[in-house]
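**Q** model this:
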Amino acid sequence: MRVRSASLMLVVLALALAVAGTACTPTGEEPSTIPANATSPAETTPPAEATETTGATASPSRTEGDHQVIRVDISNGTVTPPPAPVDVQLGRRVIIEVTSDANDEIHVHGYELTAPVTAGQPAQLMVNATIPGQFEVELHNDELQLFTLRVQ
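**A** Below you'll find the predicted structure:
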């Protein structure tokens, strides 16, 4: 019975993420991208529709053009999807997008990159994944873990 409940929870979570992802971009609008020559660590662009890159488990990661986007939402201290490792290919450009109900700062340990988060507005941080290893990504002020970036 536990397996059936866990499977049902995964299906419900996947459907909720799919609905939330399609609600972010108006129909017919072109997805936005960050230019290849962008060097600023924090840039704000509207979220774009994309397909999840993993199978049965919910993942905040998707591929858009030549970069990987990792999207996380925080509400009342709850991280969605729950913190988990996210695999990234060494040398890949990664955009971390965080929407929170409180002001804070995205912080990527090891890379020592930060970007401000304004409540209710998507914040983005660009990471060039050039250092292999595992790196905690958190909301800095609240010390709330968002996920672990695994660069390999």
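**Q** can you give me the strands in this protein?
**A** Per DSSP state E, the chain carries strands over the ranges 61-64, 67-75, 78-80, 85-88, 93-100, 104-108, 113-117, 123-128, 133-139, 144-151.
**Q** can you give me the buried ones in the fourth one?
**A** Buried residues in strand 85-88, defined by neighbour count with 16 or more other Cβ atoms under 10 Å: 86, 88. Quick note: C-beta positions are derived from backbone N, CA and C, even for glycine.
**Q** for that strand, packing partners?
**A** strand 61-64, strand 144-151 (3 or more Cβ pairs under 8 Å, 6 or more residues apart in numbering; DSSP states H and E).
**Q** can you tell me which of those strands the model trusts least?
**A** The minimum mean pLDDT among those belongs to strand 61-64 (a mean of 70).
**Q** how near is the nearest residue to residue 142 once chain neighbours are set aside to residue 114?
**A** Distances taken as Cβ to Cβ, 6 or more residues apart in numbering place residue 104 nearest to residue 142, at 5.7 Å, with adjacent residues excluded. If you measure residue 104 against residue 114 using Cβ to Cβ, to the nearest Å, the figure is 10 Å.
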